[in-house]
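**Student:** This is a predicted model, with the sequence first.
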Amino acid sequence: MLHSKTLFFLFFFLLIGLSRSSYSKSRQPCKRLVFYFHDIIYNGENFENATATIIGSPSWANKTKLGGWNHFGDLVAFDDPITLDNNLHSTPVGRAQGFYLYDKKDVFTAWLGFSFVFNSTEHKGSLSFVGADPLMNKTRDIPVIGGTGEFLMARGVATLMTDAFEGEVYFRLRVDIKLYECW
């Protein structure tokens, strides 16, 4: 009798495992959002408008200019406005707050850790992101690892696309967020 119970539970867990794997392949997002965030890097002359600044750099680098061709070793903190469209002067719905680190000598790439902190009537709470950003790719996916408020414990993926780039002072990212776990 004990053996048949064990066999039943093994069969039961096998069925659950198979159903979950086929379910996850066909999952649709429970929430989809698109935002733009605007990064204006301090260059020694634009203090009034800057939303990002170099907080760490190699010993040979200048702390107000991004170092070298691929900016290797530069660590930048940011507090950028988030908008619903690609206009820098649109009403912000929140702030993108965090950092990026240029992490390769031979390839233009960064590593990101940041949150979208919302302060609009439409969204309350935050979403957190972390991961590699291979900047030379047209689109890049980074994980959404959690959230607060209406995004409590949310998980998913954010597809980043550089929407505008003006030298080493300004860039705008389009962030297409697909949440697969919504509470």
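**Tutor:** Nice, I can see it.

**Student:** does residue 180 really touch residue 155, like I thought?
**Tutor:** Yes - with contacts counted by CB atoms under 8 Å, residue 180 reaches residue 155, the gap being 6.2 Å. To be clear about C-beta, it is placed using only N, CA and C from the backbone, and glycine gets the same treatment.

**Student:** show me where this structure has helices.
**Tutor:** Applying DSSP state H to the chain gives helices spanning 2-25.

**Student:** Can you tell me which residue sits nearest the middle of the chain?
**Tutor:** By CA atoms, centre = their mean, the chain has its centre lying nearest to residue 129, at 4.0 Å.

**Student:** ok, that residue - contacts?
**Tutor:** Contact analysis of residue 129 by CB atoms under 8 Å, 6 or more residues apart in numbering lists 98, 112-116, 142-145, 158.

**Student:** before we move on, what about residue 163?
**Tutor:** 36, 86, 172-174.

**Student:** which residues touch residue 81?
**Tutor:** Counted by CB under 8 Å, 6+ apart, residue 81 has contacts 37-38, 51, 88, 92, 94-96.

**Student:** now swap in residue 118 and tell me
**Tutor:** By CB under 8 Å, 6+ apart, the contact set of residue 118 is 82, 93-94, 124-126, 149.

**Student:** go on, residue 27?
**Tutor:** Contacts for residue 27 were tallied using CB under 8 Å, 6+ apart; they are residue 180.

**Student:** ok, it to residue 147 distance?
**Tutor:** Residue 27 sits 18 Å away from residue 147, going by CB to CB, to the nearest Å.

**Student:** again, but for residue 158
**Tutor:** 12 Å.

**Student:** quick one on the thing from earlier: so which of the contacts of residue 81 are in strands?
**Tutor:** Counted as lying in strands by DSSP state E, out of the contacts of residue 81, are 37-38, 94-96.
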